[in-house]
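> Give me a model of this one.
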Amino acid sequence: MKILCITGRLSIGIILLSLIVVINFVNLDTTLNLPISSNNILKSCTREGYTFIWDEFDGAPGNQQGDDSVVFGSSFGPYHNYSELVKKLKNLNTTYPEIIELFSIGKTYFGRDIYCVRITNESIALPKTEVVIVGQHHAHEQITVENALYFIDKVVFDFLSSSVLLQNLLNTKTIYVIPSLNIDGAELVSQFPWQRKTSRPIDEDGDGVEDEYEAQDTNKDGYIDRLIDEFNNFVGYEGIDLDGDGLIGNDAPGGVDPNRNYAYQFGDLTGASNNPSSWNYHGPKAFSENCTARFRDFVMQRNFVTAVSLHSGMDYTMILSPWAYKCELPTGIDRDLYISTGTKLQELTGFSYATEDIYACSGEWADWMYSHPNGTLLAFTFETYGNPSAFYSIYNDTTEYHHQRGVWDYCNPPADEVIDNCAQVYPGLFFMAEEAPYLSIQTNNQQLGDYLQIKVIVTNPSLYVRTNGSITLNCTVSQVAGLTFLNTTHIMNLGELEAKSSIPTTFVFSIDQPDYSIHINLRAYGPKVGDAVTEYDLHSSQITTTTTTSISTTSSTTSEVLRTNKTIDQITTGFNITGLAFLLILLIGIKNRKKFEK
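Purely as a prediction, here's the structure:
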């Protein structure tokens with residue numbers, strides 16, 4: 001009998017332990033951002049006509065001998081060239097219309113559409129907080145296109161998998177993703193892997209002929225070498241002499257560095273150049289390039305709160321922020337905001353956050369995004385990949401120059417490492433979208449003696465980011481029967497909401513007859529933050545009566561945090577509970593075992 005008793009108690013304990021572990025793993029799965037792979041895809045999310053990026057790269061080859069773009073040619077191998085990008089985005093738009101809208105923000109110099117993907121829950125038509133992500137300012141930084149496409153695909157997949165985090169994200173935010181901004185330049189990379197700038201024709205060698213395409217892989221080894229003399233001066237590229245000036249490969253394809261072509265501090269030669277042959281040539285004027293001008297027009301029509309530009313080709317993966325032109329962070333409260341947000345991004349991605357930019361550059365994207373009149377509160381640059389060991393120099397006895405090579409592999413991982421890289425970048429992009437502040441409304445209706453009190457709590461659930469301006473709450477009532485509105489105004493200015501903060505406000509009505517009813521519409525809104533709306537009918541039969549003589553119609557700020565998303569602390573707590581439960585079960589088992597032994 002004692003054996004049966006022990007067995008029964010241990011069985012119950014094991015069942016309880018199993019339930020607790022299952023519950024905690026369910027919590028973990030809905031909270032942590034687990035990398036996705038083709039092995040755990042829910043097939044119900046895959047619709048005919050569309051292939052997710054992780055399946056497109058399944059079985060992709062490893063590193064190629066030479067610059068991969070030259071070896072692969074215009075197809076770019078598993079990477080997406082422009083025609084493949086357009087096909088994928090159009091299929092995405094057709095296949096998932098409930099959350100995707102595809103449109104062009106304008107055309108490049110050569111007439112190609114610059115496509116933007118709008119991601120949101122289309123069934124909720126309220127104004128929402130807006131976020132923008134842009135890839136491929138620099139033509140040979142192709143991994144940034146794949147980073148952007150992975151972000152789009154994973155957001156779509158997780159939303160359709162009923163992820164609570166993604167449901168909340170797309171219910172409250174609208175995310176705009178431009179996978180490739182410098183499309184014209186990117187089209188040249190398979191011929192010329194050094195192409196960083198746009199491809200608007202420029203006479204780099206001053207002979208009156210634009211873009212003679214003298215740079216070529218003449219020895220067919222998969223590289224186009226960049227030639228440097230003994231004084232570290234650029235001489236030209238491996239290639240031919242088309243114009244008979246005795247100089248080989250000195251007239252490369254044109255253009256302008258888009259990330260030096262923005263208006264803020266344009267013309268300052270800190271990290272920029274007025275020499276058309278320079279990698280950092282800023283162009284004849286700010287926004288001279290179609291891609292930057294169309295992006296400017298697009299931004300000025302929107303209300304972005306957070307923004308990310310994707311880059312690659314540094315010795316280390318990095319997170320960068322304004323001010324790039326002077327290698328300093330913003331001052332005042334924004335300095336603390338950038339430090340706290342950048343530190344969190346570093347934690348999520350493993351990329352180093354540079355509290356002071358490691359190099360200065362003027363006319364840069366993030367500086368303009370942060371500074372212009374319709375600017376964003378947070379603008380970060382993600383340097384998502386860099387392989388300095390791939391970029392090297394060898395001395396050539398024949399030319400008597402140092403030959404630099406490996407620029408593609410410096411900026412882009414081998415194709416079989418693309419998805420791993422994208423999975424590393426994704427948590428940072430998701431965080432920037434999730435942390436863009438938005439508003440939520442909670443209400444409590446209570447009858448206090450002869451008064452009806454409607455308490456409203458407006459919350460900014462963002463963990464780090466304040467609202468960028470004052471919040472207004474508007475209470476509209478209709479179909480009123482048996483009530484009189486007592487507040488002096490239906491519209492209340494709540495001020496700016498800090499991160500993790502709420503502001504309670506009360507609307508009061510005198511009760512004129514016992515059987516009363518009202519239709520209430522509450523709308524909270526502010527600059528650059530999505531609206532929160534609550535609308536409902538209220539009848540006296542739904543209200544619990546409380547006797548009181550004190551009625552308040554004032555509002556005050558509270559630090560109370562109202563969040564529906566689980567946090568890492570909650571997960572830790574869950575595991576602590578599991579540990580305690582396990583310890584308790586062991587003690588019960590030991591106690592009963594001792595009884596049995598006695």
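
> Lowest mean pLDDT among the helices and strands of this protein, which one is it?
Every helix and strand of the chain was ranked by mean pLDDT, DSSP states H and E. The lowest is helix 2-31, at a mean of 37.

> so Asp268 touches Cys361, yeah?
No - using CB atoms under 8 Å, Asp268 makes no contact with Cys361, being 9.2 Å away. For the C-beta atoms, the positions are set from N, CA and C on the backbone; glycine is no exception.

> any shared contact partners between those two?
Tyr325 (CB atoms under 8 Å, 6 or more residues apart in numbering).

> hey, where'd the helices end up in the chain?
Using DSSP state H, the helices assigned to the chain run over residues 2-31, 53-56, 68-72, 82-95, 143-160, 164-172, 183-186, 290-300, 333-349, 365-371, 407-411, 418-434, 568-597.

> So which bits of the fourth one are buried?
Read that as helix 82-95. 82, 85-86, 88-89, 92-93 (16 or more other CB atoms under 10 Å).

> Between all of those, which two are separated the most?
Spanning the widest gap among the buried residues of helix 82-95 are Tyr82 and Asn93, at 16.5 Å by CB to CB.

> Grab the nearest non-local neighbour of Phe382.
In this structure, Phe382 finds its nearest non-sequential neighbour in Leu310, 5.4 Å apart by CB to CB, 6 or more residues apart in numbering.

> right, and that neighbour touches Leu149 too?
No - look at Leu310 against Leu149 with CB under 8 Å: they stay out of range, at 10.9 Å.

> So for the two, which residue has more residues nearby?
Neighbours of Leu310 and Leu149, each counted by other CB atoms under 10 Å, are more numerous for Leu310; the result is 29 against 25.

> what about the strands in the stretch 201-350 of the chain?
226-228, 234-237, 304-311, 318-320 (DSSP state E, counting those that start in this stretch).

> From the contact counts, what lies against the third one?
When contacts are defined as 3 or more CB pairs under 8 Å, 6 or more residues apart in numbering; DSSP states H and E, strand 304-311 packs onto strand 129-134, helix 143-160, helix 365-371, strand 378-383, helix 418-434.

> all strands of the stretch 451-598 of the chain, in order?
Using DSSP E, counting those that start in this stretch, strands in the stretch 451-598 of the chain cover 451-460, 471-481, 483-485, 491-495, 501-511, 517-526, 529-539, 545-546.

> Let me have these in JSON lines, extended by mean pLDDT and mean neighbour count.
Listed next are the strands of the stretch 451-598 of the chain as JSON lines, based on pLDDT from 0 to 100; neighbours: other CB atoms under 10 Å:
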{"stretch": "strand 451-460", "mean pLDDT": "95", "mean neighbour count": "22"}
{"stretch": "strand 471-481", "mean pLDDT": "95", "mean neighbour count": "15"}
{"stretch": "strand 483-485", "mean pLDDT": "95", "mean neighbour count": "16"}
{"stretch": "strand 491-495", "mean pLDDT": "94", "mean neighbour count": "16"}
{"stretch": "strand 501-511", "mean pLDDT": "95", "mean neighbour count": "20"}
{"stretch": "strand 517-526", "mean pLDDT": "96", "mean neighbour count": "19"}
{"stretch": "strand 529-539", "mean pLDDT": "94", "mean neighbour count": "17"}
{"stretch": "strand 545-546", "mean pLDDT": "62", "mean neighbour count": "11"}
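
> picking that back up, can I get the buried residues of helix 82-95 in TSV including pLDDT and distance to Met492?
Listed next are the buried residues of helix 82-95 as TSV, based on pLDDT from 0 to 100; distance: CB to CB, whole Å:
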residue	pLDDT	distance to Met492
Tyr82	97	51
Leu85	98	47
Val86	98	48
Lys88	98	47
Leu89	98	43
Leu92	97	42
Asn93	97	41
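
> Out of these, flag the one nearest to Tyr115.
Using CB to CB, the shortest approach to Tyr115 within the buried residues of helix 82-95 belongs to Leu89, at 5.4 Å.

> Next up, the contacts around the closest one.
102, 115, 117, 179.

> Tyr96 is in contact with the third one, correct?
Same thing as Val117. No - using CB under 8 Å, Val117 is not in contact with Tyr96, being 10.3 Å away.

> coming back round to it: and the helices and strands packed on strand 304-311 as a markdown table, adding mean pLDDT and distance to Tyr401?
Listed next are the helices and strands packed on strand 304-311 as a markdown table, based on pLDDT from 0 to 100; distance: least, CB to CB, whole Å:
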| stretch | mean pLDDT | distance to Tyr401 |
| --- | --- | --- |
| strand 129-134 | 98 | 36 |
| helix 143-160 | 97 | 29 |
| helix 365-371 | 97 | 34 |
| strand 378-383 | 97 | 29 |
| helix 418-434 | 98 | 33 |
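
> re earlier: ok, Asp268 and Cys361, which is more surrounded?
When Asp268 and Cys361 are compared for neighbours, Cys361 comes out ahead with 23 against 16, by other CB under 10 Å.

> show me what contacts the more buried one?
With CB under 8 Å, 6+ apart, Cys361 has these contacts: 259-260, 270-272, 280, 324-325.

> Reformat the contacts of Leu89 as a markdown table; add neighbour count and distance to Pro527.
Listed next are those as a markdown table, based on neighbours: other CB atoms under 10 Å; distance: CB to CB, whole Å:
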| residue | neighbour count | distance to Pro527 |
| --- | --- | --- |
| Leu102 | 17 | 28 |
| Tyr115 | 20 | 28 |
| Val117 | 23 | 25 |
| Pro179 | 27 | 28 |
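
> List the ones among these that fall in strands.
Among the contacts of Leu89, the members found in strands (DSSP state E) are 102, 115, 117.

> Isn't the first one up against Lys87?
Translated: Leu102. No - shown here, Leu102 and Lys87 do not form a contact pair, counting by CB under 8 Å, at 11.5 Å.

> Can you report how many residues neighbour Gln301?
9.

> Can you report phi and psi for it?
Dihedral pair for Gln301: phi -90, psi -10, per degrees, to the nearest 10.

> And it, how close does it get to Glu130?
11 Å (CB to CB, to the nearest Å).

> How about Ser74: what's its closest non-neighbour residue?
In space, Ser74 comes closest to Ser190 once its chain neighbours are excluded; the distance is 4.7 Å by CB to CB, 6+ apart.

> contacting residues for the one you found?
69-70, 72-76, 81.

> try 6 Å
69, 73-74 (CB atoms under 6 Å, 6 or more residues apart in numbering).

> residues contacting Leu483?
Leu483 neighbours (CB under 6 Å, 6+ apart): 509, 516, 518.

> Ok, Trp194 next?
Val407.

> State the pLDDT value of it.
The model reports Trp194 with a pLDDT of 94.

> now it: how far from Ala215?
Following CB to CB, the distance that separates Trp194 from Ala215 is 7 Å.

> before we move on, what about Gln64?
Counting by CB to CB, the gap from Gln64 to Ala215 is 19 Å.

> Run through the bridge partners of the closest residue to Ala433 other than its chain neighbours.
Nearest non-adjacent residue to Ala433, counting by CB to CB, 6+ apart: Val131, 4.7 Å away. Beta-bridge partners recorded for Val131 (DSSP bridges): Ile175, Thr306.

> residues in contact with Val131?
173, 175, 306, 433, 436.

> again, only this time at 10 Å
119, 169, 173-177, 302, 304-308, 376, 378, 429, 432-436 (CB atoms under 10 Å, 6 or more residues apart in numbering).

> From Gly363, how far off is the nearest residue to Ser362 once chain neighbours are set aside?
Excluding its sequence neighbours, the residue lying closest to Ser362 (CB to CB, 6+ apart) is Asp268, at 3.7 Å. Applying CB to CB, the value for Asp268 to Gly363 is 7 Å.

> now do Glu328
According to CB to CB, Glu328 stands 17 Å off from Gly363.
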